[in-house]
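[1] I'd like to go over a predicted model; first the sequence, then the structure.
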Amino acid sequence: MAMLETKDLHAWYGPSHILHGVSISVGEGEAVALVGRNGAGKTTTIRSIMGLMPKTTGTLCFAGTDLMSMRAHDRYRLGLAYVPEERRIVPGLTVRENLQLGLVAGRGDISESAAIDEIAESFPRLKERLGQEAVTMSGGEQQMLAIARAMIGRPKMILLDEPSEGIMPVLVEEMGALFRRLRTQGVTLLLVEQNVEWALRLADRAVIIDQGEVVYESSSAALLADKAIQERYCAV
Amino acid sequence: MDTELILMQLFSGVALGAILVITALGLSIIFGMLGVVNFAHGALFMVGAYAGLWVASLTGSFWWGLLVAPIMIGAFGMIIEFVLVRPLYGRSIDDPLLLTFGLGYVLVEAVRIIFGSDGIPFPTPPQLIGVVDLGVGFFPIYRLFVIGLVILVLLLLWLGLEKTRFGLIVRAGARDPTIMRVLGVDIGKVWLVVFGLGVGLAALGGVLAGPMRSVNPEMGSLVLAEAFVVTVIGGLGSLLGSIVAGLLVGIAISMTALFAPEMATIVMFALMAVVLLIRPQGLFGKLA
């Protein structure tokens, strides 16, 4: 059963028509890499799924529920979490408070202190800095915090927009290990990445978007082996 | 001039400042969270004073007026947000500004029609009539009460903002409403409550000011100017700034009234000019 399914998804920013009918299906527990050039429509696809685009049409289903008629905050409550490209760590708040933000709209079945302890175990770098103002951390640490904040509410699926961008290689490796662990816990992932090789090694399948349309779909292994396609659609 | 007189005037300034702090905080909270410059704030302060007077005369008790008027006018504020201000989000900042500017006039005229243009005396509650000896002189009990109540309200506000889940949502939502949306928070509901809270604070300021000034339809216009000066001196959106600047302005007005009464109404603008020359972002404001 598909965890997330989009059919003929169109999206607009004011007068500009960005997505021209994107159809993607992500199975339960699957990890899919969404790749393509800058400006191809990857971020817009994710933002449309989260309900952040001013205008969208088409079909959008998550865990059997129609998302189209739902506002952004209700989508999160269904178990759909999002790590935006700009991370959006809230200034003026500590690391702990930023983590709490992932729970404020929670279903109430997760104890806040237990959830933070649990997350701190998975993120030793954050554990030491719980009381620190979050935006004083390095970019990589802030990225980890953005991922931790998305995980803390125990979502069914996480959408990640360029998590490895501008991050030290050692942290990128750590992040990869974390995503593998999330998958063993059954969390579904949709990963938008410029770092194509890294993304393909983490994902089961790859979807390439170009000019607002899906142009290619295959297993990750097949795309990894097909340098010509990578060159054609993913070269910067 | 003796020190006792100066000290007494200082206390008066603190009492005046306390009401300014409460009123300016309401303005600052609404601006900080919603980005709305609420030009109806002074009128809502005045409406709060009338509502307090009305409830007090119905129940025969100042205390009911003090309790009910801010809640009533705060709820009215939520209706204003929902019906009038909400459709203007996402448009230029001028639109809600013009809307609230006009709304202020409408409220003043409405009060004039219902209660008349003349000032109405707002009796001091019998328990708070009289003076108390502070060692340096006699000080009106009512003004001490105002200072104490404002301290209590500030404490409650601080606790609410720093120690509760809703406070965390407000602090984070003021910085980044979009991230709150994708973390499951219906930010529109938060805005509704915050607007109501800000207006309720203005109404509380109005009720408290009632027994100190006369209650009339125009009483809000000066307060609006004072509250703006306070938020500018303190730094837009800074709550601590509103508190410090409110006291500063209250004391400055009070002291000028003692030494150079004819300057009392312009001293706050002079203070604002000096602060803006030295720190354009205000005492506690952050540079954009």
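    In hand now; what should we look at?

[2] now whichever residue of the stretch 1-150 of chain B sits closest to chain A, what's its secondary structure?
    Nearest residue of the stretch 1-150 of chain B to chain A: B:Gly90, at 9.1 Å (Cβ to the nearest Cβ). Placement of C-beta: from N, CA and C, glycine included. Three-state assignment for B:Gly90 (DSSP: H, G, I helix; E, B strand; the rest coil): coil.

[3] neighbours around it, how many?
    The number of residues packed near B:Gly90 is 7, by other Cβ atoms under 10 Å in any protein chain shown.

[4] over to it: give its phi and psi.
    phi 90, psi -10 (degrees, to the nearest 10).

[5] what's the closest non-adjacent residue to the residue of chain A found nearest chain B?
    Closest to chain B within chain A is A:Ala105: 2.9 Å, counting by Cβ to the nearest Cβ. With Cβ to Cβ, 6 or more residues apart in numbering or on different chains as the criterion, A:Ala105 has its nearest non-adjacent residue at 2.9 Å, and that residue is B:Gly184.

[6] pull the number of nearby residues for A:Arg75.
    Neighbour tally, A:Arg75, other Cβ under 10 Å: 23.

[7] can you tell me which residues contact the residue nearest to A:Ala105?
    Contact partners of B:Gly184, counting by Cβ atoms under 8 Å, 6 or more residues apart in numbering or on different chains, are A:73-74, A:76-77, A:104-106, A:153.

[8] name the SS class of the residue of chain A closest to chain B, please.
    Three-state call for A:Ala105 (three-state DSSP): coil.

[9] how about B:Val136?
    coil.

[10] surely it and B:Asp2 touch.
    No: in this structure B:Val136 lies outside contact range of B:Asp2 using Cβ atoms under 8 Å: 9.5 Å.

[11] any idea how far the residue in the stretch 101-250 of chain B that chain A sits nearest to lies from A:Leu60?
    As assessed by Cβ to the nearest Cβ, chain A sits closest to B:Gly184 within the stretch 101-250 of chain B, at 2.9 Å. In this view, B:Gly184 and A:Leu60 are 18 Å apart by Cβ to Cβ, to the nearest Å.

[12] mind checking if stretch B:156-166 is in reach of chain A?
    Yes: using Cβ under 8 Å from any Cβ of the partner chain, stretch B:156-166 comes into contact with chain A via B:Arg165.

[13] report the distance from that stretch to the chain centre.
    19 Å (Cα atoms, centre = their mean, to the nearest Å).

[14] after the longest helix along chain A, next one along is what?
    Counting by DSSP state H, the longest helix found in chain A is helix A:169-184. Moving toward the C-terminus from helix A:169-184, the next helix or strand (DSSP states H and E) is strand A:188-192.

[15] figure out how far that next one is from the centre of its chain.
    5 Å.

[16] tell me the residues of chain A that contact chain B?
    A:50-52, A:71-77, A:81-82, A:84, A:88, A:90-93, A:97, A:100-102, A:104-106, A:149, A:153.

[17] so which of these are in helices?
    A:50, A:72-77, A:97, A:100-101, A:149.

[18] quick check on A:Ile152: phi, psi?
    Dihedral angles (degrees, to the nearest 10) for A:Ile152: phi -70, psi -30.

[19] give me the pLDDT for it.
    Note on A:Ile152: pLDDT of 93.

[20] excluding sequence neighbours, find me the nearest residue to B:Leu276.
    B:Val232 (7.1 Å).

[21] so what's the one you found up against?
    B:272, B:275-276, B:282.

[22] let's have the residues you listed in CSV, adding pLDDT.
    Output for these, formatted as CSV (pLDDT from 0 to 100):
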residue, pLDDT
B:Met272, 95
B:Val275, 94
B:Leu276, 93
B:Gly282, 91
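
[23] buried subset of these, written for PyMOL?
    Buried members of the contacts of B:Val232, defined by 16 or more other Cβ atoms under 10 Å in any protein chain shown, are picked up in PyMOL with:
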select buried, chain B and resi 272+275+282
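
[24] ok, the contacts of B:Val232 vs chain A, which is closest?
    B:Gly282 (16.6 Å).

[25] tell me how far the residue nearest to the closest one when sequence neighbours are not counted lies from A:Ile116.
    Distance criterion Cβ to Cβ, 6+ apart; nearest residue to B:Gly282, sequence neighbours excluded, is B:Gly235 at 3.1 Å. Plainly put, B:Gly235 is 32 Å away from A:Ile116 if you go by Cβ to Cβ.
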